[in-house]
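[1] Provided below for reference: sequence and predicted model.
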There are 2 protein chains.
Amino acid sequence: MSQEKPLILVTNDDGITAPGIRTLIEVMKELGDVIVVAPDRPQSAMGHAITITDTLYCDEVTINKKYSHKEYSCSGTPADCVKIATQEILHRKPDLCVSGINHGSNSSINVIYSGTMSAAVEAGIEGIPAIGFSLLDYSLSADFEPTKKFIKAITKKVLKNGLAKGVVLNVNLPKLQEKEIKGIKICRQAKAYWVEEFDKRTSPQGRDYYWLTGKFVNEDSGQDTDEWALENGYVSVVPVQFDLTAHHYIKDLNDWELND
Amino acid sequence: MSQEKPLILVTNDDGITAPGIRTLIEVMKELGDVIVVAPDRPQSAMGHAITITDTLYCDEVTINKKYSHKEYSCSGTPADCVKIATQEILHRKPDLCVSGINHGSNSSINVIYSGTMSAAVEAGIEGIPAIGFSLLDYSLSADFEPTKKFIKAITKKVLKNGLAKGVVLNVNLPKLQEKEIKGIKICRQAKAYWVEEFDKRTSPQGRDYYWLTGKFVNEDSGQDTDEWALENGYVSVVPVQFDLTAHHYIKDLNDWELND
């Protein structure tokens, strides 16, 4: 990587034409050679879904004629995009995979549902340093400009230092102007959850159906969490692992004597 | 729970009519009052997807007339099924949620892609003790009989002991006769991954498309892993957590001095 420019794979879950990925591409072009493989339509809340019972299309597209890098639009999920990029499109392992910039929050328990983070985790599984970015603004006209400085700073450090095996970064950015952002904070995932509120309606054909809505409940008062950081004007960075083993609980389970 | 029979929510990712969930229902009926809320069609490899941009149907159905418990068929993902069950269908919090029995493996890195486990994790997030079960047999005519004894033993212990907050169980069963199974082993998730092999074809219309296939690579030689247990004739039980923070890496990241 010392001589060559780093090769950066860019993807997202809001779809290849979303403004968030357009901003991310701009920042990454300042740091390396960019290749884009992203879903052809929004794939939010897809979790770590992959496509195994259907076919996948992946076609080269031109979204913006001013760019010379290659872009591919894929019919699959964010995790599919990373798999197909590394196996079929790229000729060498990328030095970095970035995903986003997502509209909304991937902080605390939202990381579990996040298509953005599933792409980063998929890259991590394949041994590629990876970062997911999300801006806490659900608006279609969200202003991504203030995120650029922080995304660049974090990405430069990852390109320089690498990441430990089995770890990817989950970066969330508050909806603030650049000057209002107090800095970057390394955090743990807050203990939080959603209380669902299903909006029950009846179709014109007389069949009941539901819309999933919910209220976010943060039950974690720690000042070392991502929720605290974001509420207090910081960019949150949580190292995320995909070894899901609750190692601390193995001894307890052994005490159950399941074979008696 | 001391007087009343425990209330057990049963779901899966292979769909409400799959043989695996039918076996799981039979075992659970011996242990408590059963209610079934499961997807109306297969939802394998859905990860922790939820449905936020589409409507959800959830209708009472009768799959087997000999049973008196209630069953609901839901148009959503496994995680949706748990959300709609706890918020709209059940009148009290269930004492347990079981998911499966899945066809195939949810061991090692497969836990990340698993719809079966996403239902268990969703229940865990909501504070319900939860277990996902999977039989290492992809055949449609898989024999689930040998799994019953082990599923019953593990479930009884969970009903008796509960589970720590933030932990659910990932249980995988080898494709063996009951007598051949050596016992139940508490394990950690093996470090493993899939090497994708995309099968590239051309459609009758002349457009290239892909099928995702792959080879499983286990790079972990530990004898305390789920892969080792399954290869050596044991049922594997991995405690799974949904705090994804790589706590061990927070100090390293702080040393990066991202704000300089």
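    The structure has been received and is ready for your questions.

[2] for chain A, what spans make up the strands?
    Assigned by DSSP state E, the strands in chain A fall at A:7-11, A:33-39, A:58-61, A:70-74, A:96-103, A:130-135, A:167-173, A:183-186, A:192-202, A:208-218, A:234-241.

[3] give me the contacts around the last one.
    Contacts to strand A:234-241, defined as Cβ atoms under 8 Å, 6 or more residues apart in numbering or on different chains, come from residues A:107, A:111, A:117, A:120-121, A:124, A:150, A:154, A:163, A:166-174, A:181-189, A:226, A:229-230, B:244-246, B:249-250, B:253, B:258. (Glycine included, C-beta is placed from N, CA and C.)

[4] of these, just the buried ones, ChimeraX syntax please.
    Selecting just the buried residues from these in ChimeraX takes one command, with 16 or more other Cβ atoms under 10 Å in any protein chain shown as the test:
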select /A:107,111,117,120,121,124,150,154,163,166,167,168,169,170,171,172,173,174,181,184,185,186,187,188,189,226,229,230 /B:244,245,246,249,250,253,258
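
[5] so of the contacts of strand A:234-241, which ones are in helices?
    Here DSSP state H is the test, and the contacts of strand A:234-241 give A:Val111, A:Met117, A:Ala120, A:Val121, A:Gly124, A:Phe150, A:Ile154, A:Asp226, A:Ala229, A:Leu230, B:Ile250, B:Leu253 as lying in helices.

[6] returning to that earlier point: can I get the strands of chain A in CSV with mean pLDDT and distance to B:Gly76?
    Formatted as CSV, the strands of chain A follow (pLDDT from 0 to 100; distance: least, Cβ to Cβ, whole Å):
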stretch, mean pLDDT, distance to B:Gly76
strand A:7-11, 98, 25
strand A:33-39, 97, 20
strand A:58-61, 94, 27
strand A:70-74, 96, 24
strand A:96-103, 96, 22
strand A:130-135, 98, 24
strand A:167-173, 98, 25
strand A:183-186, 98, 35
strand A:192-202, 91, 11
strand A:208-218, 92, 8
strand A:234-241, 98, 25
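
[7] okay, those strands in a markdown table with distance to B:Val235 next?
    Output for these, formatted as a markdown table (distance: least, Cβ to Cβ, whole Å):
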| stretch | distance to B:Val235 |
| --- | --- |
| strand A:7-11 | 37 |
| strand A:33-39 | 38 |
| strand A:58-61 | 39 |
| strand A:70-74 | 38 |
| strand A:96-103 | 36 |
| strand A:130-135 | 34 |
| strand A:167-173 | 30 |
| strand A:183-186 | 39 |
| strand A:192-202 | 30 |
| strand A:208-218 | 35 |
| strand A:234-241 | 25 |
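
[8] measure A:Gly32 to A:Glu4 for me?
    9 Å (Cβ to Cβ, to the nearest Å).

[9] and those two? Which one has more around it.
    A:Gly32 (18 against 10; other Cβ atoms under 10 Å in any protein chain shown).

[10] follow-up on the earlier one: which one of the strands of chain A lies nearest to B:Arg201?
    Taking Cβ to Cβ, strand A:58-61 is the member of those nearest to B:Arg201, at 12.5 Å.

[11] parallel or antiparallel, list what pairs with the closest one.
    Note on strand A:58-61: by DSSP bridges, its sheet partners are strand A:70-74 (antiparallel).

[12] buried set for the strand it pairs with?
    If you call a residue buried by 16+ other Cβ under 10 Å, then strand A:70-74 has these buried ones: A:Glu71, A:Tyr72, A:Ser73, A:Cys74.

[13] excluding chain neighbours, what is closest to the first one?
    Spatially, and ignoring its direct neighbours in sequence, A:Glu71 is nearest to A:Val36 (4.0 Å; Cβ to Cβ, 6 or more residues apart in numbering or on different chains).

[14] and for that neighbour, the neighbour number?
    With other Cβ under 10 Å as criterion, A:Val36 counts 26.

[15] same deal with A:Ile89?
    18.

[16] return the residues in contact with it.
    A:Ile35, A:Val37, A:Cys58, A:Lys70, A:Tyr72.

[17] name the nearest residue to A:Gly104, sequence neighbours excluded.
    Nearest to A:Gly104 is A:Tyr138, by Cβ to Cβ, 6+ apart, at 5.1 Å.

[18] that older thread, using a markdown table, lay out the contacts of A:Ile89 together with distance to A:Ile101.
    Listed next are the contacts of A:Ile89 as a markdown table, based on distance: Cβ to Cβ, whole Å:
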| residue | distance to A:Ile101 |
| --- | --- |
| A:Ile35 | 17 |
| A:Val37 | 16 |
| A:Cys58 | 22 |
| A:Lys70 | 20 |
| A:Tyr72 | 19 |
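
[19] cool, thanks, talk later.
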